[in-house]
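Visitor: here is a sequence together with a model predicted from it:
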Amino acid sequence: MRFTTPPVLALLAVLWMPIPALAQDEPPSKAGQNLLWKGMDAVLAGCVGARPAPQQCPAGRVAKASRPQTMERSDGSGKITLQAVEYPGLSMSLRNRQVVGLEITQASWPVPHDLRVGTAASRVRQVLGAPTMEGPGPDGVQGLSYCEKENCVQFLVHVPTGTIRRVRWSFYYD
């Protein structure tokens with residue numbers, strides 16, 4: 001299904017695209033699957049909801065949120081609403097009030113298995129096993145991706161230091 005997007009949202013969509021990588025035929029390990037499907041909830045615990053509790057959220061209150069943008073699908077099958085929300089060190093994309101993309105850039109955000117920003121990439125492999133995709137990315141980073149179909153959790157590793165620079169979840173939606 002196709003719909004037209006404003007330039008800001010089109011840019012957000014490009015930023016969430018997976019890094020080109022070498023694909024493997026094997027699914028991620030059980031730990032990789034759990035991190036993909038449940039890890040984002042652990043990161044956001046205490047931060048989202050009708051009245052998030054600032055003392056339970058690593059960054060306190062929302063730093064910035066775009067106005068929700070509602071648009072009609074080009075095939076006439078209904079409307080969708082897109083929005084971007086930011087906390088210090090965390091950005092997320094919402095579609096119909098559900099998180100479809102999340103990126104962490106600060107160690108203050110908890111990631112299951114203590115795989116937070118600044119952790120050694122060797123720890124990611126030790127805990128999650130071999131990535132389903134791996135490859136070079138922009139700005140001197142190496143992408144370690146644990147994916148099932150189009151849904152991924154990626155660890156973007158700073159090559160010179162071998163440490164995680166960003167953790168990113170992206171979920172396909174139609």
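Guide: Noted; the coordinates are in hand. Bear in mind the structure is a predicted one, so any value in this text is a computation, not a measurement.
Visitor: residue 34 against residue 112, yeah?
Guide: Yes: assessed by Cβ atoms under 8 Å, residue 34 is found in contact with residue 112 at 7.4 Å. C-betas here are computed from N, CA, C, even on glycine.
Visitor: going by residue numbers, what spans are helices in this structure?
Guide: All helices of the chain, identified by DSSP state H, fall at 7-15, 30-44, 121-128.
Visitor: neighbours around residue 64, how many?
Guide: 10 (other Cβ atoms under 10 Å).
Visitor: that one reaches residue 83, doesn't it?
Guide: No: applying Cβ under 8 Å as the test, residue 64 and residue 83 come out as separate, 11.1 Å apart.
Visitor: I'd say residue 172 and residue 150 touch.
Guide: Yes: Residue 172 lies in contact with residue 150 (Cβ under 8 Å); the separation is 3.5 Å.
Visitor: hang on, the earlier thing: tell me which of the helices of the chain approaches residue 145 most closely.
Guide: helix 30-44 (9.5 Å; Cβ to Cβ).
Visitor: where does pLDDT dip in this protein?
Guide: Low-confidence segments of the chain (pLDDT under 70): 1-25, 48-56, 59-60, 138, 174.
Visitor: show me the strands in it, by range?
Guide: Taking DSSP state E as the test, the strands found in the chain are 22-23, 64-65, 69-72, 79-87, 90-95, 98-104, 133-136, 141-148, 151-158, 163-170.
Visitor: okay, the ones you listed in a markdown table with distance to residue 30 next?
Guide: Formatted as a markdown table, the strands of the chain follow (distance: least, Cβ to Cβ, whole Å):
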| stretch | distance to residue 30 |
| --- | --- |
| strand 22-23 | 20 |
| strand 64-65 | 35 |
| strand 69-72 | 38 |
| strand 79-87 | 30 |
| strand 90-95 | 26 |
| strand 98-104 | 21 |
| strand 133-136 | 18 |
| strand 141-148 | 11 |
| strand 151-158 | 14 |
| strand 163-170 | 18 |
